[in-house]
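Visitor: Sequence and predicted structure are below.
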There are 4 protein chains.
Amino acid sequence: MTAPDYGRAFALWRQGAAAPWQAYTRHAFVEGLKDGTLPRESFLHYLVQDYVFLVHFSRAWALAVTKSRTLDEMKAAAATVNALVNHEMQLHVTTCAEAGIPEDALFTATERPENLAYTRYVLDAGHSGDLADLLAALAPCVLGYGEIGTRLAAERAPDTPYGDWIETYGGAEYQDLCRDTGAMIDAALARRIGPEFAAAPRWPELQAQFTRATVLEVGFWDMGMTP
Amino acid sequence: MTAPDYGRAFALWRQGAAAPWQAYTRHAFVEGLKDGTLPRESFLHYLVQDYVFLVHFSRAWALAVTKSRTLDEMKAAAATVNALVNHEMQLHVTTCAEAGIPEDALFTATERPENLAYTRYVLDAGHSGDLADLLAALAPCVLGYGEIGTRLAAERAPDTPYGDWIETYGGAEYQDLCRDTGAMIDAALARRIGPEFAAAPRWPELQAQFTRATVLEVGFWDMGMTP
Amino acid sequence: MTAPDYGRAFALWRQGAAAPWQAYTRHAFVEGLKDGTLPRESFLHYLVQDYVFLVHFSRAWALAVTKSRTLDEMKAAAATVNALVNHEMQLHVTTCAEAGIPEDALFTATERPENLAYTRYVLDAGHSGDLADLLAALAPCVLGYGEIGTRLAAERAPDTPYGDWIETYGGAEYQDLCRDTGAMIDAALARRIGPEFAAAPRWPELQAQFTRATVLEVGFWDMGMTP
Amino acid sequence: MTAPDYGRAFALWRQGAAAPWQAYTRHAFVEGLKDGTLPRESFLHYLVQDYVFLVHFSRAWALAVTKSRTLDEMKAAAATVNALVNHEMQLHVTTCAEAGIPEDALFTATERPENLAYTRYVLDAGHSGDLADLLAALAPCVLGYGEIGTRLAAERAPDTPYGDWIETYGGAEYQDLCRDTGAMIDAALARRIGPEFAAAPRWPELQAQFTRATVLEVGFWDMGMTP
């Protein structure tokens, strides 16, 4: 399967992180969602951890607002914060509530180290660098879920109990978000390092941040497998 | 006139900054809005500077998202960011467009030092402290405009050309925002320093930040008078 | 063995994190340093990772300078940054050079996730909170090494090859640093939350940060065992 | 007089900010130091404000440590923090003590808005951008004082009472610091935007930050004239 078109930077970064990207997007957890073999217990464990993840991921997108240098950057980042805090987190609340897990338990759940490692790495990439560094570290999550969603929507077992999850990330709304985010990344990079991304002196570092964040996503799936 | 009820912390801070608060909320610029004597040129100059102000003020509220420790704090701050970036800034764009000032000119207008001083002070209060420090520095703007709007709505000259401005900040929607923000501040302080605000060891510092931010607001009005 | 006297906050935090503190300060890695059974390969692996750790730990202490509110806080934090960057990191360079690992290899070594998790957690505790939050997350490393050093200096096998390490952290200079840091923490907390630490509303959160950082230290030792 | 050689970026930035640079480095305050006509009262007022300035300037250099990406960057920034906090601030303390102003009064002096505007602008340039942004905003202060010191050392009235000040900034030690800082800036820019600084897409923004900081330095001298 070819990669979805989420812009130029993503295509380059994805190619530059080939092995970890494969490990992340074809992880056993993902395949378990696809064919329905993922134990329910693992999925609920993942949902709770992912809720805590979204808290800190939202904070990272809010950091992007503080590091924006154009109105378009601000608007895109602010809209994402709002979507995460007032929409995507709510989806988790609903799903978890149906499984008997109340919202308070979500916010105060003990964050697993593999979970914490990813979001704090992203936040530090932002604090220690500029918006381009932050976006390079945010990209694997946003766009990786888009790529996984697209593939699973096409390949899923008809009777997998994880159809809702697949429809969320494979659906039109999330795919639009991925394309918008990809376009925002391309514009932010063009503004800061010029149109020839891969030739810029700081490109290897941006690639390294994307790759590192991808590796941490693999750790997140590993953690998801073991409640 | 009594102060509007925007919560306990605001009442204490306002009282602790009596003279600067008076200088800010009864500034000649404000009185000129009220009776309509403020020169149009000053008002447009203010609008342009206030647009740039809102850019950085939005960044400060986004910083508040990154410094939130409860879901309620996150939701309130994220909603404010969104309201500022996608609503209040738009009001300025519309008003300025009617006066022949395009949006590009707004975002790239040269920020006056008195303008810059306030927002960068707020951002640093946040970066160097916690959410309580940030809110103490943010409060004079949000809640001061609410108090000014309330008074001017009652005292305005019927024919002041600045009725729209007065209705925006004196209106129900903005007053709701002020009460919500005041409640958020009270909750954030209670969580961090306990219910007896004024007895807390760090209260003098929070008061100093509120007072300093109020003084910088006076400088902003001064600047507004002189295009 | 009783705990070393590094101040009041440390004594309370240590007690509040009893089980993880035990797991951290009596870890198999530590015992292997003590009796000399730790494989050389593990120790060198640890040294390289610890060098990368010190890079980010120094950044966290530099963040403490930016979050200081008194001259004493600034001086203490600035001196620690300098000691770390221009002294303690040099010790690692020397030891590693003797083992054939050049300095360049240290700075660019691939950071293990368990390593990254701790320092980025500390940095985020600082960015999202105030100096007290940052210090609560920094304390387990600084003071834990002091406690371990003290105990190992007393209990070590005479012929352990890790005598230099033990002397560094059990020696007078490092113990002075621990006492100074403990005093700085007590003063910073008294200034921000009052003298009755454990009664302050935010104490549970500070405790949670200390405890979480301690757990991440356990992860660091685990990582050290497996090159 | 030709500009001192503090590296390539400085030469370009200085040229790109010609008029404000002239206004800053040839300010009446500076000329008053040179020929001795600056009132003593203004000088003491400046010293007190400059002490507060150094507090926040040190915080900005500490922020540079947190934003470093190479060991050389870390070492240079950490050494500067230490020099500022434990050396340059002490010079002010001594001079002020001789004039009867105790150190406590320095740290708690009311910061003038023109003072605050500069340091908070610098801190925000750093927080919102990367190390290059921070250095562009820091440069006018560090290197401008070096240029002023060099010129005044050559042009001073023999009997100006401000000979100590001139010797500090015109002396070999400070000039070394300027050359080291200039070299660090050049290396940091080369690493992030490539060797052809002025052709980089983000150059205009870096120039704007340098220019803006220079304008704020002019405001600082203006403030210094009026106790």
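Guide: Now that the structure is in, tell me what you want to look at.

Visitor: List the contacts of whichever residue of chain A sits closest to chain C.
Guide: Ranking the residues of chain A by distance to chain C (C-beta to the nearest C-beta) places A:Arg120 first, at 3.6 Å. All C-beta spots, glycine's among them, are computed from the backbone N, C-alpha and C. With contacts defined as C-beta atoms under 8 Å, 6 or more residues apart in numbering or on different chains, A:Arg120 is in contact with A:56, C:117, C:120-121, C:123-124.

Visitor: How about A:Asp50?
Guide: A:His92.

Visitor: can we see that at 10 Å?
Guide: Under the criterion of C-beta atoms under 10 Å, 6 or more residues apart in numbering or on different chains, the contact partners of A:Asp50 comprise A:43, A:57, A:88-89, A:92, A:96, A:106, A:115, A:220, A:224.

Visitor: Just name the closest of those to D:Thr181, please.
Guide: When the contacts of A:Asp50 are compared for distance to D:Thr181 (C-beta to C-beta), A:Phe57 comes out closest, at 37.3 Å.

Visitor: Could you pull up phi and psi at the closest one?
Guide: Torsion angles at A:Phe57 (phi, psi; degrees, to the nearest 10) stand at phi -70, psi -40.

Visitor: just to revisit the earlier point, any idea which element the nearest residue to the residue of chain A closest to chain C once chain neighbours are set aside lies in?
Guide: Across the structure, with C-beta to C-beta, 6 or more residues apart in numbering or on different chains as the measure, the residue nearest A:Arg120 apart from its sequence neighbours is C:Arg120 (3.6 Å). Per DSSP states H and E: C:Arg120 is located in helix C:113-128.

Visitor: Next, the angle helix A:113-128 makes with that helix.
Guide: Calculated by axes from the mean of the first three to the mean of the last three C-alpha atoms, to 10 degrees, helix C:113-128 forms an angle of 50 degrees with helix A:113-128.

Visitor: Which positions within helix C:113-128 qualify as buried?
Guide: C:113-128 (16 or more other C-beta atoms under 10 Å in any protein chain shown).

Visitor: Also stretch A:162-182?
Guide: By neighbour count with 16+ other C-beta under 10 Å, stretch A:162-182 contains the buried residues A:162-163, A:165-167, A:169-170, A:174-175, A:177-182.

Visitor: same question, stretch A:39-55
Guide: Of the residues in stretch A:39-55, those buried under the neighbour-count criterion (16+ other C-beta under 10 Å) are A:42-55.

Visitor: and if you look at stretch A:17-26?
Guide: Neighbour counts using 16+ other C-beta under 10 Å place A:17, A:20-21, A:23-25 of stretch A:17-26 among the buried residues.

Visitor: Stretch A:80-87 too?
Guide: Applying 16+ other C-beta under 10 Å to stretch A:80-87 flags A:80-85 as buried.

Visitor: The residues you listed: which ones sit near chain C?
Guide: Restricting the buried residues of stretch A:80-87 to those touching chain C (C-beta under 10 Å from any C-beta of the partner chain) yields no residues.

Visitor: hmm, back to that, so for the helix holding C:Arg120, mean pLDDT?
Guide: Rounded to a whole number, the mean pLDDT of helix C:113-128 is 98.

Visitor: Now do that helix: distance to the chain's middle.
Guide: When distances are taken as C-alpha atoms, centre = their mean, to the nearest Å, helix C:113-128 is centred 13 Å away from the chain's centroid.
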